Each structure stands twice: as structure tokens, then as C-alpha cells.
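>>> Model the following, please.
(chains A and B)
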Amino acid sequence: MIWKLLHIVFILFVFFWLTGSILLFLKRDNRILKKLVVFLPLTANVLLMIFIGLLWSELERPPLKTMAETRLWYSVFVSLITWVVFLQTKSKALYLLGFIMSSVFLLVDILNPEYQTKNLMPALQSPWFIPHVVIYMISYAVLAAACLTVMIGFANTIKRKSIDTQSINLSMNLVYPGFALLSLGMMMGAVWAKIAWGDYWSWDPKETWALLTWIFYLICIHLHHSFPKKQKLLMLLLGLSFIVLIITWLGIRYFPTGLNSIHVYG
Amino acid sequence: MRLNNRNIALLIPLIIISIAICMQLWVGKFPLQLFKFPVNLIVIIQLFLIIIASRIFIKKNKIIQFLSSGYAALSSLILFAFVVINMAVSPQAGHSDNIFGKIGFSDITQSWTYALTVLYLLLSLGLVTIKRLLPLKAKNLFFFLNHFGLWIILAFGNLGQADKISILITVPETETIWYGYDKKNNYVEPNFAIELTKFTIEFYPPKLGVFENNGKLSDPKTYQPQEIISHQSLNILNNDVYVINLIENALVINDSIRRVTGLPEKTYVAVLKINNDTVYLQNGTEFSPPVIYEIDQNYKLVILNPEPKYFGSEIKLYTKSGITNEIHKIEVNKPLKTGNWRVYQTSYFKIPEFKGYVSVFTAVFDPWLNATYCGIALMFIGAISLIFKRKISKKEE
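Residues are numbered from 1 along each chain as shown, chains lettered A, B, ... in the order given. Predicted coordinates for the structure are as follows:
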């Protein structure tokens, strides 16, 4: 089974990213080293994407059904997005945090594998399945990068004893597209739900938490737009919004409301 | 306390919740049924006109200025977040006799709190939308699409619920049914009848699973269920297993295999060679117990019930305009539209006395669906524009 290869893929993924991180923090002005810093994470991503491709081929369905499968996509997107932001900002901290976050999610997959099956229930056999889940995963990854950036900003604010406006603005530059993708994912889900079950919104626990995540980021956007000086509050709210997002994705089963969600597959 | 915008923004949600709780205790849940067509349309149009008129004639009024401000936007969003948090963390059990139930928090979408929160959102959202409509610029156009789209979804999505009917219609194969039952189990007759001419179902191949002593499927790290394919060798928890044969529509009776027809559920018998012993396994159904094999003290080998791959119905539809012999297909993700009704394939079941399947449809009458879709379309374009929103530049920093 392809899934068994994840151990090797994980080791190589961490090796490439870790080597890149070590080279990044070496204080040597060498062109080849700089290129390696850029291309090693890209190699790690390509490797993970090939693994997803092979899994897709083996399962004969998009590997987007179980939580473990969505974590794979999340690792790719977090790794890819933090890499792109690093290219623009040269933030070493973001490089390192992006690597840690994507590796942690891969490690969770190794420690908690789920049942691998080719079976896809009829409701999931829809053209909306891939765009709905993939757009959500990209959105979650962009918002993760926004959260990591604001964490760096928070640390800088404490260190410098003045607000790190640059990090907050960078974070908000990620929140806008992340929120837009969150909205697109939610609307696609609504249209799909209407076609599959006859209700575009049924207050299913997953839907309720997804709406809550959406409202939290909407509050962040309005706070940033209408009250740009409330930056400390914005930093806290961005962190809180990401916690709500993680609960929506991974944590609703731990709430009494989440036990009967129709969004539990696999 | 000074009555500045910040304090008003804090005060309004508290006032709304207080009024809502009083109304809930006084008259019970929000009377959505009073907003059936044409009342809902009149209310939406009136609200729309009030918002426009307020912006034109009394835009300098302090209340209107507040409602058009970022304070009101945040205040209404925080109030809405409060309502949604309540739904997210506490089970919505419908009416309940405890204090949460009495103030409407155990069925919050039917409560005054929810209704007044949506009204506050509509007022704030509407006024902000109109405020930013002029001057006509690309930036303002995308703002308009996002905000007005959401306004339409909130208005028609909520008040449109008053006209919405959703019923379950259960039709046995070859029979014709003209009625259904809603969520409260009320008898409802839509303006059509369904004759189920054929029900088709396909299953994925059955799998061999391992159960632990506690009755739970084994951990995925211990064993992953595998498809049963004839003449295949498997290794299950260090046991050599060879699949001699997989027989469909069969049962194990008195240690021998009998082929059976007309059973209410799909049954399989797997003939296996496990460590040189010949073993029969049978999946369990509501009508026949499973035959399992004890691998050791901790694990049991079983045939897992096959999962459906596809199910769909072929029906004849009888409407008031007449009977047609046309056969319509209804499948999961492929509903049938008839007038303002849409018919969805929901599930199926079998009953022992009856040879065919019983197909379960959900029929939904939702006359405001296109209006809500219109809002979704506007928001969709607005969201795409937000992806490409101008970045905050270093200069702005």
C-alpha cells in the first residue's frame, strides 16, 4: 500500500526542509547555499505532491475523504504558501514555522493513520467534492501562514516593545485571500448540499463551526479596516480566529454538538 | 456612562438580547409562520426601501450614522458570533424546560434572539452597502457585490424559510405515493405523486475486517480492512489466509452453504482457508446473524457489510397537469425538478415481507431558492475579487 511509503516521504520531507533551514541560518554569503535554501523545500513539496498523486491513483478516487487525507493536502499547501511568502519577505522565522507546521501535520498522519478505502459514498461522488475540499484546504493553509506571521509579529512586539506593524500588515495581506477562499469554499459547500440533500444550510455542527470561523475572520477584517490602530487586539483576534478554524477542521468531534455531524466520513 | 459610538456598539447587543429574552418568555418562539408569502416579500421590500430612504433623507441622523459605521458592523457581527457560538457548543435539542430552553437558546434559530440579530445585521449591512455604493468605482463595486450578496442571502435565506416545505416521501417499488411527512411528522400532500418503477443499487465489494473484544473495529495501525477477492492470499495479524471463494446471496445454515434469493439485505459467504483450516464467514444483517472466526482471544475476523456505491430510482411522475409515461431518474446528487418542487434521492431500505426496495425521497418546496442563489452568485464574484485585493503597501505602513 502506498500509505506505507509515507514514513519515507516524511523523512525526506523533513530532511529537505531541515537542511534548507540550517543553511538559511548559516551566516555565509554563498550563492549556491542561497539557491539550496530556496529549492530544497520546493523539492520536499514536489515529493509530497507525487505521494498524493500515487495515493490518488491507488485509491481510484481523490484522496480528500478522511481527515488523514486532508492533512496531507494541508501540509503541502502550508509548506508551499509559507515558502512563497518567504520568497517575498525573506522571513527566516516564517520559513522555519512553515516547515514545523507542515511536518507536524504529516507526523500526526503517521501516528494516527485512518482506514484506507477506495469506497466513496454516493453523496461524495459529485463534481463539487474536489473544489469544495481543495479550496477549503488552501484557505486553511493561507490562514495558517497569516497566523504564523502574526505570531512572529507578536514575538517582535514583545521583544522591541513596539508594535510590529509590518508583520500585522503581512498577516492581513494573507487574511484577505484566505477569507475569500473560505467564503468560496463555504458557498460551494452550500450549493453542493442543496443538490445532494435539498438544503443549502442545515446548521450541521461542521457548518455551524465553519460559519463561526468565517465570522471571526470577518470581524478581523472589519476591525482592521475600521479601527486600524487597534493592532494588539487584532493580533489576539487573529490568533483566536485560527484556534476556531482548527476546532472547525479537527476538533468538533470533541464537542457534544459534533457527534452527529454529516461531515464525518471515512 | 457617555453615549459615544463605542458604548452604543456595546449596548445594542445587550438590549437586543434582553428584548429577545423578554419576547421569548412572553410569546414563545419567533412566529416565522406569520412571514409566509406575500408577507416576507413585503417585509424585505419595506426594509430595503427604509434603508434607501434613511440614506437619502436622514443620513445625518445619529442612529443612521451609527448603523452605517464600522462600530455597528462590528457590534452586529459580534452579536451574530455570540448566537453561532451558542449553536456550536450547546446541542440544539429543540424546546426544553431548563432556563436555556425557556429563553430560546436550545433552539436558537427559532428564537427571537436569532431573529433580532438578523434584523440588526440587515440594517447595518444594508446601510453600509448603500453608503459605499457611490461613487461608482471598481473598488466600490466589489464591496457592493460582497455586502449586497450577503444581504440578499440573509434576507431571503431566513424569511424565505417561512414558505419552505421539506417532506420525506417513502415509496415501495411498483407503488404510487402522493403524500409525505415533514420534520414534525405532519402529513403533507405535494402537487404530484411518485410511482417507483425501478430501484437500482450497487455495492462495493465486501471486506474482511477485524474486530477487537470491545466490539470496535481494530485500530488502522493493527489491520486495514481488505477487499475479499476469490483465490487471493492475505496475511491477517500473522495468519495465512487464502480466499477460496466469495458467494453472493448465500447463508451458512447448519455448517453448509445455502444459496438464497429475495433476502431483504445483501448477504455474502466467504470460504477461507486460515492456517490450513477451512472456515465459513457470513456478514451480519438485520435478518441473519454474522458468522465470525476467532483469530485469538483478542481479535475476531468478520465480513464487513458492503457499502453502497450507487443508488437511484426510476420514477413516473403524476402531476395535476396530467399523467405522462416518461420515466425520470433520480439519483444522489441528481435531483428532479418539478415546478417549484425538487425531489431528492435520500436513502432506501428493505422490509422482510416485501420483495423490492423502498426508496426514500426528500421533496423540497423552496420558492425563494433562486433569490438566495442570486445572493450567492453576487458574493461569489465579490469573493473572487477579494483574492486579488490590492495589497497593503509599505508606503501605507
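
>>> switch to C-alpha atoms for all contacts and neighbour counts from now on
Will do.

>>> the strands in the stretch 101-250 of chain B, which residues?
Counting by DSSP state E, counting those that start in this stretch, one finds strands in the stretch 101-250 of chain B at the ranges B:165-172, B:176-177, B:180-181, B:187-188, B:192-203, B:207-212, B:226-227, B:233-236, B:239-248, B:250-253.

>>> count of residues packed around the residue of the stretch 201-350 of chain B found nearest chain A?
As assessed by Cα to the nearest Cα, chain A sits closest to B:Asn333 within the stretch 201-350 of chain B, at 4.3 Å. Neighbourhood size, B:Asn333 [other Cα atoms under 10 Å in any protein chain shown]: 23.

>>> Would you check that it makes contact with A:Trp128?
No. Counting by Cα atoms under 8 Å, B:Asn333 sits too far from A:Trp128 to count as a contact (9.9 Å).

>>> and for the two, which residues touch both?
A:Trp192 (Cα atoms under 8 Å, 6 or more residues apart in numbering or on different chains).

>>> would TSV of the strands of the stretch 101-250 of chain B with distance to B:Ile295 and mean pLDDT be doable?
Converted to TSV, these look like this (distance: least, Cα to Cα, whole Å; pLDDT from 0 to 100):
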stretch	distance to B:Ile295	mean pLDDT
strand B:165-172	41	97
strand B:176-177	49	96
strand B:180-181	47	98
strand B:187-188	51	97
strand B:192-203	27	95
strand B:207-212	9	94
strand B:226-227	16	92
strand B:233-236	9	91
strand B:239-248	8	93
strand B:250-253	19	90
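
>>> Let me have those strands in TSV, adding mean neighbour count and distance to chain A as columns.
Listed next are the strands of the stretch 101-250 of chain B as TSV, based on neighbours: other Cα atoms under 10 Å in any protein chain shown; distance: least, Cα to the nearest Cα, whole Å:
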stretch	mean neighbour count	distance to chain A
strand B:165-172	22	8
strand B:176-177	17	20
strand B:180-181	20	15
strand B:187-188	14	17
strand B:192-203	18	9
strand B:207-212	21	10
strand B:226-227	18	9
strand B:233-236	16	13
strand B:239-248	17	18
strand B:250-253	18	23
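
>>> Let's have those strands in JSON lines, adding distance to A:Tyr95.
Shown next, in JSON lines, are those (distance: least, Cα to Cα, whole Å):
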{"stretch": "strand B:165-172", "distance to A:Tyr95": "51"}
{"stretch": "strand B:176-177", "distance to A:Tyr95": "63"}
{"stretch": "strand B:180-181", "distance to A:Tyr95": "57"}
{"stretch": "strand B:187-188", "distance to A:Tyr95": "60"}
{"stretch": "strand B:192-203", "distance to A:Tyr95": "47"}
{"stretch": "strand B:207-212", "distance to A:Tyr95": "43"}
{"stretch": "strand B:226-227", "distance to A:Tyr95": "41"}
{"stretch": "strand B:233-236", "distance to A:Tyr95": "43"}
{"stretch": "strand B:239-248", "distance to A:Tyr95": "47"}
{"stretch": "strand B:250-253", "distance to A:Tyr95": "60"}
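
>>> nearest to A:Ile247, of the ones you listed?
strand B:207-212 (29.8 Å; Cα to Cα).

>>> Give me the angle between the helix or strand bottoming out on mean pLDDT in chain B and strand B:192-203.
Ranking every helix and strand in chain B by mean pLDDT, DSSP states H and E puts strand B:322-331 at the bottom, with a mean of 85. Interaxial angle of strand B:322-331 relative to strand B:192-203 (axes from the mean of the first three to the mean of the last three Cα atoms, to 10 degrees): 30 degrees.

>>> Identify each buried residue in strand B:322-331, please.
B:Lys329, B:Ile330, B:Glu331 (16 or more other Cα atoms under 10 Å in any protein chain shown).

>>> which residue packs closest to B:Leu168, ignoring adjacent ones?
Spatially, and ignoring its direct neighbours in sequence, B:Leu168 is nearest to B:Thr362 (4.6 Å; Cα to Cα, 6 or more residues apart in numbering or on different chains).

>>> Same question for B:Thr346.
Taking Cα to Cα, 6+ apart, and ignoring the residues beside it in sequence, B:Thr346 has B:Phe361 as its nearest neighbour in space, at 5.1 Å.

>>> any idea which helix or strand comes after the helix or strand hosting that neighbour?
B:Phe361 is located in strand B:358-365, with elements delineated by DSSP states H and E. Sequence-wise, the next helix or strand downstream of strand B:358-365 (DSSP H and E) is helix B:369-387.

>>> buried sites along that next one?
Residues B:369, B:371-373, B:375-380, B:382-387 are the ones in helix B:369-387 that count as buried (16+ other Cα under 10 Å).

>>> before we move on, what about stretch B:19-29?
B:Ala20, B:Ile21, B:Met23, B:Gln24, B:Gly28, B:Lys29.

>>> Just give me the closest of the residues you listed to chain A.
Using Cα to the nearest Cα, those come closest to chain A at B:Lys29, 17.9 Å.

>>> For the residue of the stretch 51-200 of chain B found nearest chain A, grab the count of nearby residues.
Closest residue of the stretch 51-200 of chain B to chain A, Cα to the nearest Cα: B:Pro91 (4.8 Å). The local packing of B:Pro91 (other Cα under 10 Å) involves 17 other residues.

>>> wait, what's in contact with it?
B:Pro91 neighbours (Cα under 8 Å, 6+ apart): A:Pro256, A:Thr257, B:Ser106.

>>> Distance check, it against B:Ile85.
Counting by Cα to Cα, to the nearest Å, the gap from B:Pro91 to B:Ile85 is 11 Å.

>>> SS state for the residue positioned nearest the centre of chain B?
In chain B, the C-alpha nearest the mean C-alpha coordinate belongs to B:Thr346, at 11.3 Å (Cα atoms, centre = their mean). Assigned state for B:Thr346: strand (three-state reduction, DSSP: H, G, I helix; E, B strand; the rest coil).

>>> got the contact list for it?
A:Trp197, B:Val332, B:Ser359, B:Val360, B:Phe361, B:Thr362.

>>> okay, it: pLDDT?
pLDDT for B:Thr346: 96.

>>> can you list the residues that contact stretch B:234-251?
By Cα under 8 Å, 6+ apart, stretch B:234-251 touches B:222-223, B:228-233, B:257-261, B:263, B:266-275, B:282.

>>> 6 Å instead?
Stretch B:234-251 has contacts (Cα atoms under 6 Å, 6 or more residues apart in numbering or on different chains) with B:230-233, B:257-260, B:267-275.

>>> Ok, stretch A:10-30 next?
Stretch A:10-30 is contacted from outside by A:Val37, A:Leu40, A:Pro41, A:Ala44, using Cα under 6 Å, 6+ apart.

>>> Could you report the neighbour count for the last one?
Spelled out, that is A:Ala44. A:Ala44: 23 neighbours (other Cα under 10 Å).

>>> Kindly report the same for A:Ala180.
Neighbours of A:Ala180 using other Cα under 10 Å come to 24.

>>> How is it assigned, secondary-structure-wise?
helix.

>>> Name the nearest residue to it, sequence neighbours excluded.
Using Cα to Cα, 6+ apart and skipping the chain neighbours, the partner closest in space to A:Ala180 is B:Ala383 (4.8 Å).

>>> Check what pLDDT the residue lying farthest from the centre of chain B gets.
Ranked by distance from the centre of chain B (Cα atoms, centre = their mean), the top residue is B:Asn276, with 49.6 Å. What the model reports for B:Asn276 is a pLDDT of 85.
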